[in-house]
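In: Next come a sequence and a model predicted from it.
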Amino acid sequence: MKKSLPLAAMVLLCTACAPAANTTPAPATSTAATASAPVSLSAGSGPQAPDGTVPPTIGISWDQASKDAAVDTAQTAMADFARPGVEDKQWANDLARWLTPQATADYSAVDPANIPATRVTGPATLTVDEANGYGVVAAVPTDAGTYTLQLLRTGPEAPWKVNRVTPPAS
């Protein structure tokens, strides 16, 4: 009984603070909307995806320059990541130039002393989805195993940014 009394008081208090319901019917008016022009969800009044197919690429086509830039970013970012002896503020500042804004926030609290890798030991390799030029996954070998980096970009001329660094599987 002692617990139900405060609960009842809260319900009464909340009910007293709630606005009263308006039970007056709204006046009958026409609410039908009329289009001022034909509606089209894509350019040229055509369907968005003819026959329900997805376009062959989503905005950006892959070329060798895009792949080379992704490899360079992955290797350089991993080289900056794999420095456990660097002071944490310097480590975070050096790494931030390679990171997306979300990754910068995520990795700002990492203590580099806890990173087992100390150097990159080979070239990065990419797993490319030819239908998506906005993202790629890179495998970067280190002296502590192969790290996986997710890289993103916002356009064909935009720089690649690391969104996630995943350590080797244990």
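Out: Done, it's in.
In: List the contacts of residue 160.
Out: 69, 70, 73, 74, 136, 151, 152, 153 (CB atoms under 8 Å, 6 or more residues apart in numbering). Every C-beta, even on glycine, is put in place using the N, C-alpha and C of the backbone.
In: so what pLDDT did the nearest residue to it once chain neighbours are set aside get?
Out: The shortest distance from residue 160 to any non-neighbouring residue, by CB to CB, 6 or more residues apart in numbering, is to residue 73 (4.0 Å). For residue 73, the pLDDT comes out at 98.
In: and residue 73, what helix or strand is that in?
Out: Element membership of residue 73 [criterion: DSSP states H and E] is helix 64-81.
In: Neighbours of the residue nearest to residue 160, how many?
Out: Counted with other CB atoms under 10 Å, the neighbours of residue 73 add up to 21.
In: Now that it has come up, it's in contact with residue 159, right?
Out: Yes. Look at residue 73 against residue 159 with CB atoms under 8 Å: they come within range, at 7.1 Å.
In: For residue 93, report the pLDDT, please.
Out: 95.
In: Identify all contacting residues around the helix or strand hosting it.
Out: In this assignment (DSSP H and E), residue 93 forms part of helix 88-96. Applying CB under 8 Å, 6+ apart, the set of residues contacting helix 88-96 from outside is 77, 80, 81, 83, 86, 104, 107, 108, 110, 111, 112, 113.
In: got a list of contacts for the very next helix or strand once past it?
Out: Once the chain leaves helix 88-96, the next helix or strand it forms, by DSSP H and E, is helix 101-107. For helix 101-107, contacts defined as CB under 8 Å, 6+ apart pick out 92, 95, 96, 99, 161, 162, 163, 164, 165.
In: what's near enough to touch the fourth one?
Out: Translated: residue 99. So residue 99 contacts 77, 107, 161, 162, 163 (CB under 8 Å, 6+ apart).
In: most neighbours, which of those?
Out: Result: residue 77 is most packed of the contacts of residue 99 (other CB under 10 Å), 27 neighbours.
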